[in-house]
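Asks: Sequence and predicted structure are below.
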Amino acid sequence: MEIIIKQDSREASHAAAGVVARLIHEKPNAVIGLATGSTPLVLYRELIRKHKEEGLDFSRVTTFNLDEYIGLEKEHEQSYHTFMWENLFSQINIKAENVHIPDGMVADVSAFCTEYERKIVAAGGIDIQVLGIGSDGHIGFNEYTSSFASRTRIKTLTQRTVKDNARFFGGDKSKVPHHCITMGIGTIMDARMNLLLAFGEGKAKAVADTIEGPVAAIVPSSILQHHPNAKLFVDEAAATQLKLVDYYRWVYEGKPEWQKDA
Ligand code: PGA
């Protein structure tokens with residue numbers, strides 16, 4: 001795991017955007033896994049800026065989103081379809097046919113999930129998967145005790161996630177769907193690189209458990225300790241519970257310039 005601690009979420013997001021942009025320059029037909037939530041917003045804003053001001057070209061890029069609520073129409077203001085089109089896709093030159101987001105209204109969830117996995121493989125696999133992290137350590141919507149071998153499937157959100165996400169539903173917990181379709185932990189682990197962003201004090205414990213805790217299904221993100229190329233971009237607030245924080249800074253500062261955000 002590579003731990004990259006930046007002053008604030010803006011700096012961390014810009015560094016992460018640099019990694020994504022480098023991939024697209026090197027591999028114009030890159031396959032990128034995307035996340036929703038408040039965490040990746042600045043990363044997406046920076047990718048949009050790079051598209052508009054530096055010509056970053058998404059015309060051959062394919063994307064797969066991690067998850068979607070079951071029971072929300074694509075057009076629902078809180079669906080992850082709406083989120084992605086509003087916050088990224090409508091402002092870059094990605095082709096609609098290259099965008100994949102689980103369909104929360106599908107009749108046969110199981111067949112849909114199998115097909116989603118097949119499409120990821122057919123696209124050549126995910127080059128970089130962008131991840132946020134839940135305050136309970138979930139990645140995608142893989143809540144605690146999710147199997148590390150899981151693939152795209154239906155999941156039930158924890159009560160804590162429902163509470164955390166109520167802020168997007170006018171603070172009303174009863175409006176938050178309880179089920180979702182999410183890529184599995186096995187799916188996420190197949191990505192060639194995982195790029196996890198975590199900001200704010202509310203994520204500090206999850207970040208410490210991810211990096212320094214035992215690998216255990218009670219903290220799904222801890223599986224990233226087994227990933228050969230996982231980069232964690234955190235701000236100072238999210239780094240406050242790390243025991244080895246000085247070591248991580250020392251490692252990062254000692255990297256040769258060319259390797260820094262690569
Ligand atoms: P957040 O959610 O980015 O809104 O904090 C992260 C997550 O639940 O994965």
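Replies: Good, I have the coordinates.

Asks: Skipping adjacent residues, who's closest to Lys175 in space?
Replies: Distances taken as CB to CB, 6 or more residues apart in numbering place Phe169 nearest to Lys175, at 3.9 Å, with adjacent residues excluded. (Glycine included, C-beta is placed from N, CA and C.)

Asks: oh, I was asking about Ala166
Replies: Lys173 (4.5 Å).

Asks: what do you get for Ile94?
Replies: Phe58 (4.3 Å).

Asks: coming back round to it: what about the residue nearest to Ala166, how many residues nearby?
Replies: Lys173 has 13 neighbouring residues, counting by other CB atoms under 10 Å.

Asks: next one: phi and psi at it?
Replies: phi -60, psi -30 (degrees, to the nearest 10).

Asks: Give the buried residues for stretch 168-184.
Replies: 176-177, 180-184 (16 or more other CB atoms under 10 Å).

Asks: beta partners for His179?
Replies: Thr156 (DSSP bridges).

Asks: Spit out the contact partners of it.
Replies: 69-71, 154-157 (CB atoms under 8 Å, 6 or more residues apart in numbering).

Asks: The closest residue to Gln241 other than its chain neighbours is in what secondary structure piece?
Replies: In space, and not counting its chain neighbours, Gln241 is closest to Ala208: 3.9 Å by CB to CB, 6+ apart. Per DSSP states H and E, Ala208 falls inside helix 204-212.

Asks: just to revisit the earlier point, out of the buried residues of stretch 168-184, what pair is the most spread apart?
Replies: Distances among those were taken as CB to CB; the most separated pair is Val176 and Gly184, at 21.6 Å.

Asks: For the residue nearest to Ala166, give its distance to the ligand.
Replies: 15 Å (CB to the nearest ligand atom, to the nearest Å).

Asks: Any residues of the stretch 51-200 of the chain in contact with the ligand? List them.
Replies: Applying CB under 6 Å from any ligand atom, one finds that the stretch 51-200 of the chain approaches the ligand through 132-134, 138.

Asks: Looks like Arg249 contacts Lys6 (just checking).
Replies: No - applying CB atoms under 8 Å, one finds Arg249 not in contact with Lys6, separated by 10.5 Å.

Asks: These two - which one has more neighbours?
Replies: More crowded of Arg249 and Lys6, by other CB under 10 Å: Lys6, with 20 against 15.

Asks: per-residue confidence for that one?
Replies: If you check Lys6, the pLDDT there is 97.
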